[in-house]
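1. Dropping a prediction and its sequence here:
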Amino acid sequence: SPHRLIVMLYDGALEAIRKARLYMEMKDPIQKGQAIDKALRIIHEGLAASLNRNEGGQLAEQLLALYEYIGNELVSANARNDLARLDSCSKLLEDLRSAWCEIGNTPNQTASLPITTNAY
């Protein structure tokens, strides 16, 4: 279902950030950069691209702004080797994932979710 696919995108982004953190600690800039790039692609090409801004209204716009913020923070974390920024991005995505899962458990809510029906 589209709802489950969004959860999988959150999981993928979180896993990529976890790997980036590990590679940052190991001082492996190539693997760190690849992991951050993967997280960025999931956020921009998956999560942000799946938003239905026409039907989602203000919620979709706020999510888009948050995804852009997370993306900017990931780029900054990569450039500065900033573990705290990676952790902050993980926390935001974990909170969004948790909220998304709660929405999915509420009957009759799926019709108002701000995603396109052809989300990955």
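-> Good, I have the coordinates.

2. Now R18: closest residue in space, sequence neighbours ignored.
-> Spatially, and ignoring its direct neighbours in sequence, R18 is nearest to S90 (7.2 Å; C-beta to C-beta, 6 or more residues apart in numbering). For every residue, glycine as well, the C-beta is placed using N, CA and C.

3. May I see the buried residues of the helix or strand that neighbour falls within?
-> Of the helices and strands defined by DSSP states H and E, S90 is found in helix 83-104. By neighbour count, with 16 or more other C-beta atoms under 10 Å as the criterion, the buried positions of helix 83-104 are R85, L86, S88, C89, S90, L93, L96, R97, W100.

4. got a list of what the fourth one touches?
-> Read that as C89. With contact taken as C-beta atoms under 8 Å, 6 or more residues apart in numbering, C89 is in contact with I17, A39, I70, E73, L74, A77.

5. again with the second one
-> For L86, the set of contacting residues under the criterion of C-beta under 8 Å, 6+ apart consists of I17, A20, R21, M24, L74, A77.

6. Tell me which helix or strand comes right after the helix or strand where the second one lies.
-> In this assignment (DSSP H and E), A20 forms part of helix 2-25. Tracing the chain C-terminally past helix 2-25 and defining elements by DSSP H and E, one meets helix 29-41 next.

7. name the helices or strands packed onto the next helix or strand after that next one?
-> Later in the chain than helix 29-41, the nearest helix or strand by DSSP H and E is helix 53-80. Other helices and strands packing on helix 53-80, by 3 or more C-beta pairs under 8 Å, 6 or more residues apart in numbering; DSSP states H and E, are helix 2-25, helix 29-41, helix 83-104.
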